[in-house]
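[1] Take this sequence and fold it.
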Amino acid sequence: MGSPRRGNLSLSVITVIICALAIIGLLYSEAISSFSSSTILRLKPCARRNGAKNSVTEDNYAADDRFEFDPEECSLVHGKWVFNSSVKPLYSDRTCPYLDRQVSCVKNGRFDSDYRHWQWQPDDCMLPRLKGKRLMFVGDSLQRGQWQSMVCLLDSVIPEGQKSMKRGRFHSVFKAKEYDATIEFNWAPFLIESNSDVHIVADPKKRILKVDSVAEHAKYWLGVDILVFNTYVWWMSGLRTKSLWGSFANGEEGYQELETPVSYTIGLKTWANWVDSNVNPNKTRVFFTTASPTHLKSADWGNKNGTKCFNETKPISKKGHWGSGSDKRMMSVVASVVRSMKVPVTLINITQLSEYRIDGHTSVYTELGGKLLKDEEKVDPLHFADCIHWCLPGVPDTWNQILYAHLL
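    Coordinates of the predicted model:
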């Protein structure tokens, strides 16, 4: 499938995010104390493999045989996490006012900090320095975490008085006022409609998915320059799901119980049909982020005496580790649906690199039902440790760097 001509975004939109995301990229290649206006503005297109091999860049990358990122030649899936204590996050849960308490691990009592200093290093290339474009993230709370990561990275470089945030139940917008640029989030945990979109149905067995419609969510997607979709975790609550065609008014009599991969396939085809029918690939780029792994079984990484991800402080070092929290059947559904689409969709594969990060989850440093965990709950990780969501700053910051690498 050939790549379409990329649509031209307004210069104002590009300008506001160039500065912020250039800093993000520099964060991964030099200490923050060495930043200057000259280094931020030295933006270059990625060198091809033959021209960059065995070279040292202006940003003092270590001399090695890795080349600068080229999506045609480099896989971001294969690599390792490298500890670098000189890397300091551009924000924290104390400096960024837009983070949910759910992901604010330091505020919630987490004292170890090593999880914030791991860099993803692909085997065959170097991630680029970044510049940016307007984004909308669409999905569940994990996608909201990635959106909050991006907002906080931007917030750190936009002056006070030049930005605003409007939070809504379904649609939230961070705006850089001077440039009329926005970074948005749309709550759509299944992408398709469900009876759990407005008021969350706590019991997964009572959730009903309207597998033939995305209309209520898709009204927010029109006119966006870059759409980043994701849906996975909400589908993983059982072997079967209640799937509905037509109106929710049909109630109990209108649904069928289908195996989850079957329902997932139908739902994603509904989403794909909307994209193919409504997106102009010359104006809008579409991405789909792969599954964010859960770490609920410590035996997966050989810690038979552990409790989920509780008290884990280092990434898994075994290359190719794959735990029970990432379902390859579901991922293959995404790949199959995307291949069949008319509009090109780029898969952002964050699953393998995130599989290693058993240390990066919110664990017991989080909230439940809108309330911070109590002391007696924190000492009961079997029932209360959250090994699905990620601390911020943390792993989703790397997802955003990889996302932008594909936008170059």
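[2] Run through the helices of the stretch 251-400 of the chain in chain order.
    In the stretch 251-400 of the chain, the helices defined using DSSP state H, counting those that start in this stretch lie at 260-278, 328-339, 351-355, 375-378, 381-384, 395-405.
[3] which stretches of this protein have low pLDDT?
    Scanning the chain for pLDDT under 70 picks out 1-73, 76, 126-134, 179, 247-253, 408.
[4] show me what contacts the residue most central in space within it?
    Geometric centre of the chain, nearest residue: residue 146, 4.3 Å, by CA atoms, centre = their mean. By CB atoms under 8 Å, 6 or more residues apart in numbering, residue 146 lies in contact with 137, 228, 230, 289, 396, 399, 400. (Each C-beta comes from the backbone N, C-alpha and C, glycine too.)
[5] Show me the two of the residues you listed that sit farthest apart.
    Within the contacts of residue 146, 230 and 400 form the most distant pair, 12.9 Å apart (CB to CB).
[6] that older thread, distance of the residue nearest to the centre of the chain relative to residue 353?
    According to CB to CB, to the nearest Å, residue 146 and residue 353 sit 14 Å apart.
[7] So what would you say the end-to-end distance of stretch 101-118 is?
    End-to-end distance of stretch 101-118: 22 Å, with CA to CA, to the nearest Å as the criterion.
[8] Give the buried residues for it.
    Residues of stretch 101-118 classed as buried by neighbour count (16 or more other CB atoms under 10 Å): 101, 102, 103, 104, 105, 106, 108, 110, 115, 116, 117, 118.
[9] got it, and stretch 377-388?
    Neighbour-count burial for stretch 377-388 flags 378, 381, 384, 385, 386, 387, 388 (criterion: 16+ other CB under 10 Å).
[10] Mind listing residues that contact that stretch?
    With contacts defined as CB under 8 Å, 6+ apart, stretch 377-388 is touched by 102, 109, 142, 233, 292, 294-296, 307-311, 358, 361-364, 366, 368, 373.
[11] Just the buried subset of those residues, written out for PyMOL, thanks.
    A single PyMOL command selects the buried members of the contacts of stretch 377-388 (16+ other CB under 10 Å):
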select buried, resi 102+142+233+292+294+295+296+307+308+309+310+358+361+362+363+364+366+373
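[12] picking that back up, which two from the buried residues of stretch 377-388 end up farthest apart in space?
    Pairwise over the buried residues of stretch 377-388, using CB to CB, the maximum falls at 378 and 388, 16.9 Å.
[13] ok, now which ones touch the closest residue to residue 318 other than its chain neighbours?
    Spatial nearest neighbour of residue 318, excluding adjacent residues (CB to CB, 6 or more residues apart in numbering): residue 301 at 7.7 Å. Applying CB under 8 Å, 6+ apart, one finds that residue 301 lies in contact with 295, 316, 318, 321, 323, 358.
[14] swap the cut-off to 7 Å and go again
    Counting by CB atoms under 7 Å, 6 or more residues apart in numbering, residue 301 touches 316, 321, 323, 358.
[15] Residue 339 versus that one, what's the distance?
    Distance, residue 301 to residue 339, using CB to CB: 32 Å.
[16] Just grab the bridge partners of residue 184 for me.
    Applying DSSP bridges to residue 184 gives these bridge partners: residue 136, residue 173.
[17] In strands only, show me the contacts of residue 301.
    The members of those all map outside strands under DSSP state E.
[18] Dump those residues to a markdown table, plus distance to residue 257.
    Converted to a markdown table, those look like this (distance: CB to CB, whole Å):
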| residue | distance to residue 257 |
| --- | --- |
| 316 | 36 |
| 321 | 34 |
| 323 | 28 |
| 358 | 34 |
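[19] Of these - the most surrounded one?
    The residue in those with the most neighbours, by other CB atoms under 10 Å, is residue 358 (28 neighbours).
[20] Just give the nearest non-adjacent residue to it, would you?
    Leaving aside its sequence neighbours, residue 358 sits nearest to residue 312 (CB to CB, 6+ apart; 4.3 Å).
[21] and the one you found, how many residues sit next to it?
    Residue 312: 23 surrounding residues under other CB under 10 Å.
[22] Residue 150 versus that one, what's the distance?
    In this structure, residue 312 and residue 150 are 26 Å apart, going by CB to CB.
[23] Same question for residue 176.
    12 Å.
[24] try residue 260
    30 Å.
[25] more neighbours, those two?
    residue 150 (27 against 19).
[26] and the residue nearest to that one when sequence neighbours are not counted, what does it touch?
    Among residues not flanking residue 150 along the chain, residue 400 sits closest, at 5.2 Å (CB to CB, 6+ apart). Residue 400 makes contact with 146, 149, 150, 153, according to CB under 7 Å, 6+ apart.
[27] Is the third one in a helix, a strand, or coil?
    So the one you mean is residue 150. Following DSSP: H, G, I helix; E, B strand; the rest coil, residue 150 is assigned to helix.
[28] thinking it is in contact with residue 182, fair?
    No. Residue 150 is not in contact with residue 182 according to CB atoms under 7 Å; the separation is 11.4 Å.
[29] about what we covered before: mind putting the contacts of residue 400 into CSV with distance to residue 216?
    Formatted as CSV, the contacts of residue 400 follow (distance: CB to CB, whole Å):
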residue, distance to residue 216
146, 22
149, 26
150, 24
153, 30
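[30] of these, closest to residue 277?
    Residue 277 has its nearest neighbour among those in residue 146, at 26.3 Å by CB to CB.
[31] Tell me if that closest one really is in a helix.
    Yes. Looking at residue 146 with three-state DSSP, it is inside a helix.
[32] Look up how far residue 254 lies from it.
    Counting by CB to CB, the gap from residue 146 to residue 254 is 34 Å.
[33] Strands of the stretch 51-200 of the chain, start to end?
    For the stretch 51-200 of the chain, the strands defined by DSSP state E, counting those that start in this stretch cover 67-68, 79-83, 118-122, 125-126, 135-139, 163-166, 171-176, 181-187, 193-194.
[34] Single out the most deeply packed of the ones you listed.
    A comparison of those by mean neighbour count, using mean count of other CB atoms under 10 Å, puts strand 135-139 on top with a mean of 27.
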